[in-house]
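**Student:** please work out how this folds:
(chains A and B)
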Amino acid sequence: MKGEAADDAGIKGKTMETARPKFDVQDLDLWYAQTQALKKVAIQVSPNAITALIGPSGCGKSTFLRVLDRMNDLIDAVRIEGKVLYDGVDIFSPEADVIELRKRIGMVFQKPNPFPMSIYDNIAYGPRVHGFKARSGAERRKLDELVERSLVNAALFDEVKDRLHKSAMGLSGGQQQRLCIARVLAVEPDVLLMDEPTSALDPISTAKIETLLDELKKSYTIVIVTHNMQQAGRVSDSTGFFLHGELVEFAPTKELFFNPKDKRTENYISGRFG
Amino acid sequence: MRRESTRRVSQEKAAFGVIRALSILTIVILGLIMGFILYKGLRYSNETRSTVLPYEESAPEGLSLVVNSQVELKSVDFSVLYGMYTDEYINWSKISSDGFDLLPIAIDGNKSEGVGAARLLFGEAAVPQWGRLVKTVPDAATALAMVSSTSGAAAIVGADEAAVAMKGDSGKKIRVVPLRRIELALSDDAAALVDNKSLEDLDDAAIVRLMGGSVKNWKELGGPDLPIKLVSPPAGSSLARTIAAAGYKNAGPAPKANGEKMADYLAGIQGGSGEVGYLFGAEAQASGISTLTRKGVESGWNLTWNYLVEEPRLSGKVGGISTIILNTLFMLVITILIAAPIGVAAAVYLVEYAKQGTLVSILRLGTETLAGIPSIIFGLFGYLFFVNILHFGFGLLSGCLTLSLMILPTIVRTSEEALKSVPGSLLEGSLALGATKLQTIVKVAIPAAASGILTGLILGVGRAVGETAALIFTMGSDYKLAKGLFSSARVLSSHVYLLFAEGISFDRAFSTATVLIVIVLLFNFVARRLIERMGSQQ
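**Tutor:** Numbers count the residues shown, from 1 in each chain, chains lettered A, B, ... in the order given. You can find the predicted model right below:
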């Protein structure tokens, strides 16, 4: 991943269409033991945009998302074939550093999973495991700033600024999920992967997170898996429809919703199944 | 239909009643055990038999017995005082459970105090027979100085001097010990063995009835068939004054006029038939007259502050248990230091790293089997392996290693369960932030499982602190403070065992047991608070 910064700088000025894709996935197959969960998936994820992945339960969209930051490595029986290029580098190549990859690609899960520690320590967890030592006063202030900035960016700071050192387990579900987003932001990633981030939340919290996504898009590439088609329609720039492990259709969101090319997509978005 | 439902209700009620009764029974049994041990540990209550009545004089005949304040002696029977000054005792262990050598001091026989002391001990008529241990000093000042400077010293000095000294600088180093010296003398025929029966030992109520005149015949007290004749000491005698001061009743005829002598009074009882009357111990001792034995109950605090802070002496028969408490704490700390890291590491390996296959199931079976092995077998193993093969000898290290082996299964299994119950989403969250597996385990999994792991540690420590069998073979039983990892050490549980098994003192075994229970309770309480605090943080 050398020379990435220079590449990024080059990319920034170009339009979405001409920019090099953040992820270039080619012919991805994935098996859980004998079961094939992903079949020849090919997709190009644009930078600084929100890509939504929709589909019925068990269609492989979450599995696909987890491939992007190699979370499937944790499962023993998984076998993967095909290529996933992140900024042009194959994430499965032997030289790829999975720790560095996961640092650059943050993930927010379906259920809020704050650590059983204080709000501050939750946010500072990422920086700390990546070697940020707050020994001197200046370093401590730097960490404080980082925590505050992350919370501000996750639109949570005003709600928790008075109880940063209280346990994160006392927050509401929506606050916890934004805390998890802030925790990811504190690592200063490049990409945010979100696995149904609002499915466990009430409509008001969902609305807050959707507004947040719009804001975050300016600085991050976001891939979001969602069950909720309205949500995909509201927030995403392009949408992919998964069915039985296949990427049936991938197009700009408006096009996919109003003018689907595939019959199965049309059936799904018009609510005939799923 | 309706009958069916009423039947079900009554069944429910019956089942509820049985369950409730059983649970109450359990609680009652628990309370009984704990209450009994705590009561026996805190209070002692022993039946005592002695010839003297309970009245205590701190200045008999204007004299006082003064002892060094390190001697734990609250009061003294005449027979003990007599024994102290006639070489019957050479140290305090049989008198007051202290280990000091006895140094009895008396003032020179030419002084009035010396004469008084001789009369107090040997009676009016007899020739003083001082023991060879008795040190004779010229005056009270010398005697008091010696008592205050010598741990096991005792002296009979003038009551006034003693009172002055108590108020002075040396007041904290000496103590005036009251004396019990009134006995009940009876005629020889009343005390005689008739038809294989003799007079019972009497408790206080029986003595009051006897001297109050409500018992008419010795037969009623288990003695021979003789009418009881109460006699009173000569009026104006020291004995009569003391009895009056003590408030002891005598329903017998009024004392004769001043002219009568003590010797006649004594001879009247001794040679009479069925007579009984009060007498000083010294006269009884000198004349060899028969005396009644009083049956009393002595009770007091078993577990005292001194017991906690003093070092044990004479196999724990005297002194306290301070070094043993410290040894126990050392043992716990060392055992935790050995067992906790190994146990938690093993649990982490089993849960997070090991491939869940045959090897792991064999390991699990192994830990479960180890948990069920009797501790004595761990003791045997520890003795052979640590003490003999590794040449660690009897000592803290051998004992703690053996205990660690013993409590490891508990720690491993509870830690395993705790780690398993950490939600996978937490671990994923950490890994997704780019943390390594080790970082995730150390910073997320173990803290999240901490309360469970701590519970396992407490269970293990609870087992360790109560362990005796495994320690007797490995840790030794030296009750001095352990000087190092290889020095033999006695802990509370083995102290209880040894006090009991060697028949040293049941009272002390119970007070040690109480301390042990309190330590375990404290441990559990603190740990529970810790777990609660952790829980509230989560």
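**Student:** please look at residue B:513 and residue B:36 and confirm they touch.
**Tutor:** No - Residue B:513 is not in contact with residue B:36 according to CB atoms under 8 Å; the separation is 10.5 Å. For glycine as for every other residue, the C-beta is placed from the backbone atoms N, C-alpha and C.
**Student:** who's more crowded, those two?
**Tutor:** Set residue B:513 next to residue B:36 and count neighbours by other CB atoms under 10 Å in any protein chain shown: residue B:513 wins out with 21 against 11.
**Student:** ok, now which ones touch the nearest residue to that one once chain neighbours are set aside?
**Tutor:** Take residue B:513 and drop its neighbours on the chain: the residue closest to it by CB to CB, 6 or more residues apart in numbering or on different chains is residue B:496, 5.2 Å away. By CB atoms under 8 Å, 6 or more residues apart in numbering or on different chains, the contact set of residue B:496 is B:468, B:509, B:512, B:513, B:516.
**Student:** can you put those residues in TSV and add pLDDT?
**Tutor:** Output for the contacts of residue B:496, formatted as TSV (pLDDT from 0 to 100):
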residue	pLDDT
B:468	87
B:509	89
B:512	91
B:513	90
B:516	90
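**Student:** which helix or strand contains the spatially most central residue of chain A?
**Tutor:** By CA atoms, centre = their mean, chain A has its centre lying nearest to residue A:193, at 0.8 Å. Element membership of residue A:193 [criterion: DSSP states H and E] is strand A:191-195.
**Student:** and that strand, what other elements does it pack with?
**Tutor:** If contacts are counted by 3 or more CB pairs under 8 Å, 6 or more residues apart in numbering or on different chains; DSSP states H and E, strand A:191-195 sits against helix A:61-68, strand A:105-108, strand A:221-225.
**Student:** so which of these is nearest residue B:241?
**Tutor:** For the helices and strands packed on strand A:191-195, proximity to residue B:241 was assessed by CB to CB; strand A:105-108 is nearest, at 98.4 Å.
**Student:** what's the pLDDT at residue 178?
**Tutor:** As the question left the chain open, I've gone with chain A. You'll see residue A:178 listed with a pLDDT of 87.
**Student:** if you could check chain B rather than the one you did, that'd help
**Tutor:** 91.
**Student:** which residue, other than its chain neighbours, is closest to it?
**Tutor:** Using CB to CB, 6+ apart and skipping residues adjacent in sequence, the residue nearest residue B:178 is residue B:56, 3.8 Å away.
**Student:** that neighbour contacts residue B:74, doesn't it?
**Tutor:** No - taking contacts as CB under 8 Å, residue B:56 lies outside contact range of residue B:74: 9.2 Å.
**Student:** neighbour count for the two, which is higher?
**Tutor:** More crowded of residue B:56 and residue B:74, by other CB under 10 Å: residue B:56, with 17 against 10.
**Student:** need the contact list for the more buried one.
**Tutor:** Neighbours of residue B:56 in contact, by CB under 8 Å, 6+ apart: B:75, B:178, B:179, B:180.
**Student:** the residue nearest to residue B:513 falls within a helix, correct?
**Tutor:** Yes - Residue B:496 forms part of a helix when assessed by DSSP: H, G, I helix; E, B strand; the rest coil.
**Student:** gap between it and residue B:511?
**Tutor:** Residue B:496 sits 10 Å away from residue B:511, going by CB to CB, to the nearest Å.
**Student:** same question, residue B:194
**Tutor:** Look at residue B:194 and residue B:511: by CB to CB, they are 44 Å apart.
**Student:** what comes into contact with stretch A:61-77?
**Tutor:** Residues outside stretch A:61-77 that contact it (CB under 8 Å, 6+ apart) are A:23, A:25, A:28, A:30, A:32-33, A:37-38, A:41, A:53-55, A:78, A:80, A:84, A:86, A:91-92, A:98, A:101-102, A:105-107, A:191, A:193, A:195-196, A:223, A:225, A:240, A:242, A:247, B:428, B:431-432.
**Student:** quick one, grab the pLDDT at residue 137.
**Tutor:** In the absence of a named chain, this looks at chain A. 83.
**Student:** chain B, not that one
**Tutor:** 88.
**Student:** list the contacts for the nearest residue to it once chain neighbours are set aside?
**Tutor:** Nearest residue to residue B:137, sequence neighbours excluded (CB to CB, 6+ apart): residue B:143, at 4.9 Å. Going by CB under 8 Å, 6+ apart, residue B:143 touches B:66, B:105, B:106, B:107, B:137, B:155, B:157.
**Student:** start to end distance for stretch B:127-135?
**Tutor:** Stretch B:127-135 has an end-to-end distance of 18 Å (CA to CA, to the nearest Å).
**Student:** what does it rub up against?
**Tutor:** B:85-88, B:90, B:102-106, B:109, B:118, B:121-122, B:136, B:146.
**Student:** count of neighbours near residue 60?
**Tutor:** Reading this off chain A. Neighbour tally, residue A:60, other CB under 10 Å: 22.
**Student:** actually chain B
**Tutor:** Applying other CB under 10 Å, we find 24 residues neighbouring residue B:60.
**Student:** same thing with the one 3 residues further on?
**Tutor:** For residue B:63, the count of nearby residues is 25 (other CB under 10 Å).
**Student:** same question, residue B:45
**Tutor:** When neighbours are defined as other CB under 10 Å, residue B:45 has 12 of them.
**Student:** cool, residue B:81 as well?
**Tutor:** Counted with other CB under 10 Å, the neighbours of residue B:81 add up to 24.
**Student:** ditto for residue B:273
**Tutor:** Residues lying near residue B:273 (other CB under 10 Å) number 12.
**Student:** sec struct for it, please.
**Tutor:** Of the three states, residue B:273 takes coil under three-state DSSP.
**Student:** for it, give its distance to residue A:28.
**Tutor:** Applying CB to CB, the value for residue B:273 to residue A:28 is 122 Å.
**Student:** that older thread, closest to chain A among the contacts of residue B:143?
**Tutor:** Minimum distance to chain A across the contacts of residue B:143 is 64.7 Å, recorded for residue B:66 (CB to the nearest CB).
**Student:** helix or strand for the residue nearest to residue B:137, which one?
**Tutor:** Residue B:143 belongs to helix B:140-149, assigned by DSSP H and E.
**Student:** so residue B:243 is in which element?
**Tutor:** Using DSSP H and E, the element containing residue B:243 is helix B:238-246.
**Student:** picking up where we left off before, which of the contacts of residue B:56 are buried, as a PyMOL select command?
**Tutor:** Selecting only the buried entries of the contacts of residue B:56 in PyMOL, with 16 or more other CB atoms under 10 Å in any protein chain shown as the criterion:
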select buried, chain B and resi 178+179+180
